[in-house]
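A.B. asks: Everything below, folded, please.
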Amino acid sequence: MRTNHDIVTAHYAASAAGDLDAMLPPLSESTRWTEAAGFPRAGTCTGPEEVRRNVFEAIGRDFDGYRFTLERLLDAGPVQVGIGTYTGTCRATGKSFTARVAHVWHLRDGQVTTFEQIVDSVPVRDAMV
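C.D. replies: Okay, here's the model as predicted:
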């Protein structure tokens, strides 16, 4: 059986490969995914299809070269914390950004129950204006 750490590691590997379909399997219909206030896609989505549409596909429309670079994944059993950096370029303005971020994952029975993004949203917002 895969551990919670394995599940989140696989999500980040799929993200790095640009494989959206491989990123979504650990999300259930009841997963609550929260993007931080001040971030372009702020708010909470429920379930993999809302996350696909309102987070990942929307970011793909708004940014070129959008990337999360994982620096560290902290394993606390049912809680996993990914620490890293977002980079990208806003399509509308041509401005690029670098922003520090932490992702807090809560898992139970091999599924993500909640995801919370904590991010320095100012560099991203500044790139959009």
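A.B. asks: Tell me which other helices or strands the longest helix seen in the chain touches.
C.D. replies: The residue-count maximum for a helix in the chain (DSSP state H) belongs to helix 4-16. In terms of contacts (3 or more Cβ pairs under 8 Å, 6 or more residues apart in numbering; DSSP states H and E), helix 4-16 is packed against helix 20-23, strand 63-76, strand 79-90, strand 96-108. Placement of C-beta: from N, CA and C, glycine included.
A.B. asks: In the third one, which residues are buried?
C.D. replies: Right, strand 79-90. Residues of strand 79-90 classed as buried by neighbour count (16 or more other Cβ atoms under 10 Å): 80-82, 84, 86-88, 90.
A.B. asks: and residue 39, which of the three is it?
C.D. replies: Here residue 39 is recorded as coil under DSSP: H, G, I helix; E, B strand; the rest coil.
A.B. asks: quick revisit: can you check which of the helices and strands packed on helix 4-16 gets nearest to residue 31?
C.D. replies: Distance to residue 31, taken as Cβ to Cβ, is lowest for strand 96-108 among the helices and strands packed on helix 4-16, at 9.5 Å.
A.B. asks: Show me the contact partners of the closest one.
C.D. replies: Strand 96-108 is contacted from outside by 4, 7-8, 26, 65, 68, 78-90, 112-124, 126-127, using Cβ atoms under 8 Å, 6 or more residues apart in numbering.
A.B. asks: With stretch 71-82 instead?
C.D. replies: 3-5, 8-9, 12, 70, 83-85, 102-108.
A.B. asks: please redo it, this time with the cut-off set to 10 Å
C.D. replies: 3-9, 11-12, 15, 68, 70, 83-85, 100-109, 112-118 (Cβ atoms under 10 Å, 6 or more residues apart in numbering).
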